[in-house]
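J.: Provide a 3D model corresponding to the input given below.
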Amino acid sequence: MARQVAAGVVTQKDTQFLGTIKRCRLGAVGVAKVTANATSHVRTPELAYDGGDAVVAVLCLDGGVLCLQGETPLQLGPGEGMLCDSAEAGGLHMGAGTRYWALKIARADMAKVAPHIKRFAGLKLGATGMAVRLMTSYLGGLENGEALGDEQEARVFGAEMRP
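T.: Here you go, the predicted structure:
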């Protein structure tokens, strides 16, 4: 499976990366569930020019995520989500015990459902949190179900997740 998005991982002084990353592909959507200690995922300007052309939705489950992409820093807590843009430099900084879902979606697919949005980087998802709760619940069903082991079910699930 192709990588989610190229980024450098930086840990706090005197620590190593400790966590789990579970990934799968559901149709056109790349899905990753990440649990990690306090780390930063940094997309440098050099990496932003690697040809990646995707938008990544980050849905925070536990802990906190500080996004330094877009016009202003954005702090996420449990139940909140935001968009990252692989074409822009920036970073995600996670506190200890952070768990989150990351959904990688082709820019062309996002542009079809949101043609009025010119810049995805750093956009917070849903002011009420309803969309994030529904998506998180949907993904939780995936984690406990059999879709990961069945190619046809994975395609159907992926088609439902497309924007």
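J.: my read: residue 123 touches residue 70, true?
T.: Yes: taking Cβ atoms under 8 Å as the definition, residue 123 is a contact partner of residue 70 at 6.9 Å. For the C-beta atoms, the positions are set from N, CA and C on the backbone; glycine is no exception.
J.: and the residue positioned nearest the centre of the chain, what helix or strand is that in?
T.: The residue lying closest to the centre of the chain (Cα atoms, centre = their mean) is residue 102, at 2.4 Å. Using DSSP states H and E, residue 102 sits in strand 98-106.
J.: hmm, who's touching that strand?
T.: Residues outside strand 98-106 that contact it (Cβ atoms under 8 Å, 6 or more residues apart in numbering): 4-5, 28-36, 38, 53-65, 94, 135-136, 139, 161-163.
J.: I'd guessed residue 91 sits against residue 42; true?
T.: Yes: Residue 91 is in contact with residue 42 according to Cβ under 8 Å; the separation is 4.3 Å.
J.: what does the pLDDT read for residue 91?
T.: For residue 91, the pLDDT comes out at 84.
J.: count of neighbours near it?
T.: By other Cβ atoms under 10 Å, 18 other residues sit near residue 91.
J.: buried residues, the lengthiest helix in the chain. List them.
T.: Secondary structure of the chain per DSSP state H: the longest helix is helix 130-144. Buried residues in helix 130-144, counting neighbours by 16 or more other Cβ atoms under 10 Å, are found at 132, 135, 136, 139, 142.
J.: measure how that helix sits relative to strand 98-106, angle-wise.
T.: 100 degrees (axes from the mean of the first three to the mean of the last three Cα atoms, to 10 degrees).
J.: packing partners for helix 130-144?
T.: Helix 130-144 sits against strand 29-36, strand 54-62, strand 81-85, strand 98-106, helix 151-161, with contacts defined as 3 or more Cβ pairs under 8 Å, 6 or more residues apart in numbering; DSSP states H and E.
J.: the inter-axis angle of that helix versus strand 81-85?
T.: Helix 130-144 and strand 81-85 are oriented at 80 degrees to each other (the same axes, to 10 degrees).
J.: correct me, but residue 142 touches residue 32?
T.: No: taking contacts as Cβ under 8 Å, residue 142 lies outside contact range of residue 32: 11.9 Å.
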